[in-house]
Each structure stands twice: as structure tokens, then as C-alpha cells.
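K.L.:
Here is a sequence with its predicted model. Questions after.
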Amino acid sequence: MAEQVKSIIDALSKPPFNKTFNIISFDNLEPLQLLQVLNDVFAYIDPRNKVDLREETPEDMAHRMLKFLSVLKYTPECSVQEFQAGIITGEKSVVYQTLSWLLQNVEALKTRAYLGRYLVKVDVPEEILQDDEVEKINQEYLDLLEEFKNVHKATDKLKSNQYTAADIKRDIQQMEQENEQLTKTIERKKARVESMANINELLAAARSLRREQERQANILEQRHSQKTAVQVAENKYQRLLAQLKELRAAAQNMSVEKLMVKLEEEYKSTQYLVEEKLPKELAAKKKSCNSIQKVLLEPAMTEDDVDELLEKAQELQSELNDLHQQRMSKSDNADEKLVMFRKQAMMISRKKEALAEELKECTNEWTEAENELSQKKEEMRSTGAEQVLTGPEFKKYIAMIRNKGNTYKAKRSEMADLRAEVGVLARTADILQNQYNEVKQTIAQMEKERGIAGYTDTQDQLEMISATKGETDEKKGQILEDMSDMSDKLNQMISEKKAALAPIIKELRPLRSKCNELEHLHTQKKTEYDSLSASLGSNLHSLEQEVRSLRETSQADESRHHFLMHAKQLLEASQQKIDDELAIYKSQDPAVRKSSLREQYNRKIQEQDNLGKTLRAKQKTVREQHAPNVTQMTMWRDLQQLLSAKEAVLRRSKEAELGNENILIL
């Protein structure tokens, strides 16, 4: 504990806290002052905690501190209940542990508090998220959180990549060199382009091309955004259309009377929930919350306090049972019908509560089923599947399937008949083929007997060849006609082109000679330009190197000059302090000599020695009085226990007398 307190005092004595505590003064702090020190550390980590605890209620203070520690992800060494009670009452052990943990990780916790201010997600109930607008806003909020994370990471990365002054100067010099090179390149390009005749037209065309390209990019971006918006609207339209179909299908089999009865039942159930059930649950929750808050505000309880509370609870329960018996004995003579009606009313109220709970569970299940159904529908739409059929549509689909089944059966029977007919025809074809082969063999045998074997085959081949020759002659004649027509057209086109090109060829002949002369002149001028450019380039490179070296020398001399000037100013200030101290030390005036540093340090040393002597005397007095004080405290504690025991015995005797008086004699 002493080492922990010492480390806390050392950390608080440094900037930005600058607290002038020692071990004794820090240990003598009141609970409120100790909590104020803890709150000052909170305020440094997050300026929103900069408040005066004297102007804040204990409940608000405890809620704010516990919430902030949960954001910082602090894990106490003790239990949660003890830690909360210690924060509320300003317990030293709890506050010391918290301060030690905070002061060891101040900068990291400062970053965590900054991030927790923006990254703590808002818990939106599932019922509210069913609204499309709320869901869209929540999604935008989550996207902004992710964007903030990415931006913060990039910022930290940029902060970690720190460049030195030499690196920055080197980059600046390199950029200046690149700028000069680009300027020269642009000037050369301008000089080369300015000699062109239609330079203004080409520049205008380039500007218009760039504008059109930018316009095309904007149009493409707008087209993409419009497609996205159309897709979102289409999905919303399909979802609303499906809901409308379901509502219409549900309303087809329901009359106005049934709909009114259903609405009245829903109104009554909702009215019961709003006016009776929910207020009772809310009152019970508030009562439970108040009792928990009351327990949190109370100091830590010992086992004796718990036993005493249990005894009081048992006594109150026994008194409650006695009162209940007395009430039952008095109500025996009352009207039996009233008792019966009360029992029936209690049974009905219990049934109503049970039905309300069952209705709540069914509503939750129905909501979950609706959410799951909408999710499945969205998945089906995203995969391109058809919409789920409703009741009437499903009946139409079943009727269509039955009609198709009947058609399939009829077609199948027709196909069986056709297959049987195909079998008969195939058998007939086989029989005819066999008969043809037999007749062919008979004819061949007869030709062989009469000495003209192969006559029939040769006749068939000659007929086939004559037919093929006729077709080939027709195709050949058509092709020759087409070729003659095409040749005439080509000759006509060639004559027309020659007539059109004749004047152009006449004009081109003198231009060709002029072009040859210009090419020769261009080659000569280019050779001269290349030689001159090479000589100037070598001279320019040497001059640039010389200028660069002189600039670096000048910068080095300038930085050394500034360094020496600062060192000179520091030495002059130190010399001035030494001269002032010597003048004060040599002065004969006692008042002047007291203002010297030597005298000030001697006075502080003397004050600290006197303070040490006083503290040692107090320590001696405390040690001498320790044993008598402990003995006296023990005697007072024994006396307190004795008086408590007497009080308990007296209370029990009085209760016993009261119990004897209340005994009913039959």
C-alpha cells in the first residue's frame, strides 16, 4: 500500500497535474477530496468529466464515474458490489487502486476515451429496426463508425511517420528540380507546337475532348447512382406489393362483421396490456430498481448485519401470518357469496395475466416469423427466384398442374399408339426390302443366263451421271454470266476512278518534288539542332551541379550561423546570472544578500529540518499514546456489545409479552 501511495504521489506531482502532496497529507484527505482528485484525473483523460463534486449529487457522481470506468474497460480487483460501494463512499483502498491503474496508462486511456466517445454503438431494439427509414439511418450510422475507424487508423499512421528537417529539405530540393525539368519540357513542347498552322483548333479540340470526358465520367456516375436507387425502389415496391397481396387474400374470406369483431378483440387485448399489465410491470421494475439503488448507496454490510436483517424478515413474516389469520377468522361470519366472488375474480385476473403472457409470447413468435419470412423473401429475390405463392395462387397452380397431368396422360397414350404403328411400318419395310433383294437377285440371274450381266446397274449409273451433268452445266452457265457482269462493273468503276484521279495526280507531281526538298532541309536542320542541344545540355548539367553544391554550402553555413547565435545567447544569459549572483554575494546590504540563491536554498533547508523535527516529535507522541488508546477502544467496543445484547434481550421480552396477550382463548 505504501509503495502504491508513493507512486500515485509521484505521478500527481508531475505535469499536467502538479499536485503538491506528501504521504501524510495525501493520507489525511477526506473521502470527498480523494474523489475530487480521482475526478481531476478523469477530467484530464476526458474534459467532459471536469465538474465540481460539491455541486453534484452522489447518485449522479457514482453513475458518471462507473460509466466512464466501464468505457475505459477497467477491471477491479474486488467484487463489483464492493467496488461500487467503495466509489460511492470514497473508500481509500478502492480509490488508490483506481488511481494507480489510471496514472500508469494515462495517454493510452486518453486515446481510448476519445475513441469510446464515438465508437460506443447505440442499442436500437429490433422492433424499431423494422422501419425502413430507421434501418437505413442505422446502417448509415454503422458505415460512419467504420469510416471513422479507418480515418483514425490512417491519422495514427501519418503521425507515426515523422520526417526530419533534412528529409523535408531533400524532398523540397527534389521537387524544385522536377519543377524546373517540367518547366523546360513544357517550353520545348510549346516551341515545337507553336510552329503548327492549326494550333488553336487543336487546343480547342483538346479542351472540348477533356470536357466531354469529364462529362462522360459524371454521367456514368449519375447512371450508377440512379441504377442503385431504382434497384432499392424496386425491392421496396416488390415487398409492399407482396404485403398488399397477402392483405387482400386475407380480406377475401372475411366479412365486415368478422373484421369488426377481430378489431374489437385486438383493441381489448391491447387496452388490457397498456392500462393494466404494462403499468404493473413498470411499477415492479421501478421498485426493483429503487431497491437496488438503495442497496448500492448503503455501505458494505457484514455478516452480523445480514443475520439481523434475516431475523427482522422472519419476525415480519410471522406478524403477517398472524394478521392474515385474524382477518380470516373475522371474515368467516361475512357473506359466503362475497368470498366466492372474490375467489372467482382472483382466478379470472390470474387467467387474464396468463393469457396476456401467452399473447405476448405469441406476438414475439409472430414477429420473429415475419422477420424470418421477409429475410427469406429477400434472399429469394436476390437469387432471382419467383415470389412465394399465396393461398388462391397456390390453388390455381394446383389446378394448372392437374390439367397438365391430364394432357400428359393423353399425349402418352397417343405416343404409345404411334410407337405401335411405327413397329408395324418398320416390319412392312423389312418385308419389302427382302422382296426387293429377291427380285434383284432374280434379274441378275436372268441377265447372267442371257449374257448381259450388270446391265441394270450400268443403266442406273448412266441415268445418275446424266442428271448430275445437267445440274453442273446449269450452275456453270450462271457463274459465267455473273463473272461477265462483275467484270463490266469493275471496268466501269476503274475508268471513273482514273477520270477523277487525273487532275489530282497532276497537282501532286510538283508537290512531291517540293516535299523531297523540305525533307532534305528538315534533315539538315535536325542535325544542327541535335548537335547544339547536346552541347547546351552538357553545359547546363555542369552549371546545375555547381549551383546545387553552392546552395548546399550556403544552407549549411546558414544553419551553423543560427546555431552559434543561439549558443552565444545562452552563454550570455548564463554569464549574466553569474554576474548578478556575484554582485549580490559581494553586497554589504543584508536585505540584498537575502535575495541570493544561496540564501534561499539555505532557508528552504532549514525549514525542511524544522518540519522533520516537528514530525518526529508527533510520531513519538503517537507511539507513546498508541497502547492506552487501543485499550480504551477495546473497552468501548465491549461496552457497546454489552448494551446491544441488553437491548436485544429487552426487545425479545417485550415481544413475548405482547404475543401472550394476543393469544385467542376458545
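P.N.:
In hand now; what should we look at?

K.L.:
Show me what the helix or strand harbouring C289 is packed against.
P.N.:
Here C289, judged by DSSP states H and E, is contained in helix 278-297. Contact here means 3 or more CB pairs under 8 Å, 6 or more residues apart in numbering; DSSP states H and E; on that basis helix 278-297 packs against helix 58-71, helix 80-89. (C-beta placed from N, C-alpha, C; glycine too.)

K.L.:
taking the mean pLDDT, what do you get for that helix?
P.N.:
Across helix 278-297, the average pLDDT comes to 77.

K.L.:
quick check: angle from it to helix 58-71?
P.N.:
Angle of helix 278-297 versus helix 58-71, following axes from the mean of the first three to the mean of the last three CA atoms, to 10 degrees, is 90 degrees.

K.L.:
Can you tell me the SS state at E449?
P.N.:
Taking DSSP: H, G, I helix; E, B strand; the rest coil as the rule, one finds E449 in the helix state.

K.L.:
And the pLDDT for it?
P.N.:
Per-residue pLDDT puts E449 at 76.

K.L.:
can you check L666 too?
P.N.:
38.

K.L.:
What of L259?
P.N.:
Note for L259: predicted pLDDT of 69.

K.L.:
Buried residues of stretch 220-237, list them for me.
P.N.:
Using 16 or more other CB atoms under 10 Å as the test for burial, stretch 220-237 gives no buried residues.

K.L.:
start at 31 instead
P.N.:
I'll keep to 31 as the first residue from here, and by that count the last item is stretch 250-267.

K.L.:
Just the CA trace of it, in PDB.
P.N.:
Output of stretch 250-267 as PDB, limited to C-alpha atoms (Å, rounded to 0.1, in the frame of the first residue of the first chain):
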ATOM      1  CA  LEU A 250     -21.600   7.400 -65.700                       C
ATOM      2  CA  GLU A 251     -21.500   8.100 -62.000                       C
ATOM      3  CA  GLN A 252     -25.100   9.500 -62.100                       C
ATOM      4  CA  ARG A 253     -26.200   6.500 -64.100                       C
ATOM      5  CA  HIS A 254     -24.700   4.100 -61.500                       C
ATOM      6  CA  SER A 255     -26.400   6.100 -58.600                       C
ATOM      7  CA  GLN A 256     -29.700   6.100 -60.500                       C
ATOM      8  CA  LYS A 257     -29.500   2.300 -61.100                       C
ATOM      9  CA  THR A 258     -28.800   1.800 -57.400                       C
ATOM     10  CA  ALA A 259     -31.800   4.000 -56.400                       C
ATOM     11  CA  VAL A 260     -34.000   2.200 -59.000                       C
ATOM     12  CA  GLN A 261     -33.000  -1.200 -57.500                       C
ATOM     13  CA  VAL A 262     -33.800   0.000 -54.000                       C
ATOM     14  CA  ALA A 263     -37.100   1.300 -55.100                       C
ATOM     15  CA  GLU A 264     -37.900  -1.900 -57.000                       C
ATOM     16  CA  ASN A 265     -37.100  -4.000 -53.900                       C
ATOM     17  CA  LYS A 266     -39.300  -1.800 -51.800                       C
ATOM     18  CA  TYR A 267     -42.100  -1.900 -54.400                       C
END
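
K.L.:
model confidence over that stretch, on average?
P.N.:
Taken as a whole, stretch 250-267 carries a mean pLDDT of 85.

K.L.:
ok, now stretch 228-238?
P.N.:
According to the model, stretch 228-238 has a mean pLDDT of 79.

K.L.:
Give me the contacts around that stretch.
P.N.:
Residues from elsewhere that reach stretch 228-238 (CB atoms under 8 Å, 6 or more residues apart in numbering): 223, 226.

K.L.:
any idea how far it is from the chain center?
P.N.:
Distance of stretch 228-238 from the chain centroid (CA atoms, centre = their mean, to the nearest Å) equals 49 Å.

K.L.:
again with stretch 499-509
P.N.:
Here stretch 499-509 is found 80 Å from its chain centre; the criterion is CA atoms, centre = their mean.

K.L.:
With mean neighbour count, mean pLDDT and distance to E296 as added columns, please give the helices and strands packed on helix 308-327 in CSV.
P.N.:
Shown next, in CSV, are the helices and strands packed on helix 308-327 (neighbours: other CB atoms under 10 Å; pLDDT from 0 to 100; distance: least, CB to CB, whole Å):
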stretch, mean neighbour count, mean pLDDT, distance to E296
helix 88-101, 15, 81, 40
helix 110-119, 18, 78, 44
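
K.L.:
quick one: which of those helices is nearest V679?
P.N.:
In terms of CB to CB, the element of those nearest to V679 is helix 110-119, at 32.0 Å.

K.L.:
Show me what the closest one is packed against.
P.N.:
Taking 3+ CB pairs under 8 Å, 6+ apart as the contact cut, helix 110-119 packs with helix 88-101, helix 122-134, helix 308-327.

K.L.:
Output the ones you listed in CSV; the columns should cover distance to Q344.
P.N.:
Converted to CSV, the helices and strands packed on helix 110-119 look like this (distance: least, CB to CB, whole Å):
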stretch, distance to Q344
helix 88-101, 32
helix 122-134, 33
helix 308-327, 19
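
K.L.:
Quick check: which of those helices is buried the most?
P.N.:
Scoring the helices and strands packed on helix 110-119 by mean neighbour count under mean count of other CB atoms under 10 Å gives helix 122-134 as the most buried, with a mean of 18.

K.L.:
Contacts for it next, please.
P.N.:
Identification of contacts with helix 122-134 by CB under 8 Å, 6+ apart yields 31, 34-35, 37-38, 41-42, 57, 64-65, 67-68, 71-72, 75, 99, 102, 104, 106-108, 112-113, 116-117, 139.

K.L.:
Show me where the stretch 381-530 of the chain dips below the pLDDT cut-off.
P.N.:
In the predicted model of the stretch 381-530 of the chain, residues 410-424, 482-486, 489, 500, 506-507, 510, 513-514, 517 satisfy pLDDT under 70.

K.L.:
Can you get me the start-to-end distance on stretch 186-199?
P.N.:
Taking CA to CA, to the nearest Å, stretch 186-199 runs 24 Å from one end to the other.

K.L.:
Give me the mean pLDDT for it.
P.N.:
67.

K.L.:
Adding distance to M376, write the helices and strands packed on helix 308-327 out as TSV.
P.N.:
Shown next, in TSV, are the helices and strands packed on helix 308-327 (distance: least, CB to CB, whole Å):
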stretch	distance to M376
helix 88-101	39
helix 110-119	38
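
K.L.:
Can you check which of those helices gets nearest to H592?
P.N.:
Evaluated with CB to CB, the helices and strands packed on helix 308-327 place helix 88-101 nearest to H592, the distance being 47.3 Å.

K.L.:
other SSEs contacting the closest one?
P.N.:
Helix 88-101 packs on helix 61-75, helix 110-119, helix 136-149, helix 308-327, going by 3+ CB pairs under 8 Å, 6+ apart.
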